[in-house]
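Asks: Take a look and give me a structure for this.
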Amino acid sequence: MCKKNSYLIVIFFLMFPFIYAGTAKEDSNQLLGHWQCKGIFESTELIVESKTRLVLNGAEANYSLVPGSIRIKTEDGRIDYPYRLEGGILSLTVPDGTWFDCFQVKKGRETMSVE
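Replies: Residues are numbered from 1 along each chain as shown. Predicted coordinates:
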């Protein structure tokens, strides 16, 4: 019985990178586009241009997805922004602890409207 459990644990650890890679790829695809983010005291815009490039509040940056976070690469290193994508709402926490709920928007000719 113990030997069987050991095999299951080994199989899980061997499969985890493939399971996570699939999840990260799905999230990466779902993140693409324009997002309007609203926090308690402020709002901002997030544009995810590709699977590696985004614009946050007007600042362009390269990023990658790591478990539970969007990792933004800066000149000083990397900054992790914990996130959750559920029901079409992107919940994002910035390093100072402020959180934002982001809603995907469709870019119109003059305004942006929530889809």
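Asks: Residue 27 touches residue 85, doesn't it?
Replies: Yes - look at residue 27 against residue 85 with C-beta atoms under 8 Å: they come within range, at 5.7 Å. (Glycine included, C-beta is placed from N, CA and C.)
Asks: Residue 29 looks like it's in a helix, true?
Replies: Yes - Residue 29: assigned to a helix according to DSSP: H, G, I helix; E, B strand; the rest coil.
Asks: can you pull the contacts of it?
Replies: Residues near residue 29 by C-beta atoms under 8 Å, 6 or more residues apart in numbering: residue 51.
Asks: For residue 64, give its distance to residue 88.
Replies: 22 Å (C-beta to C-beta, to the nearest Å).
Asks: These two: who's more crowded?
Replies: For the pair residue 64 and residue 88, the greater number of neighbours falls to residue 64 (14 against 11), based on other C-beta atoms under 10 Å.
Asks: Pull the contacting residues for the more buried one.
Replies: With C-beta under 8 Å, 6+ apart, residue 64 has these contacts: 52, 70-71, 73.
Asks: Pick out whichever of those residues sits closest to residue 46.
Replies: Nearest to residue 46, judged by C-beta to C-beta, of these is residue 70 at 9.3 Å.
Asks: Thanks again, I'm all set now.
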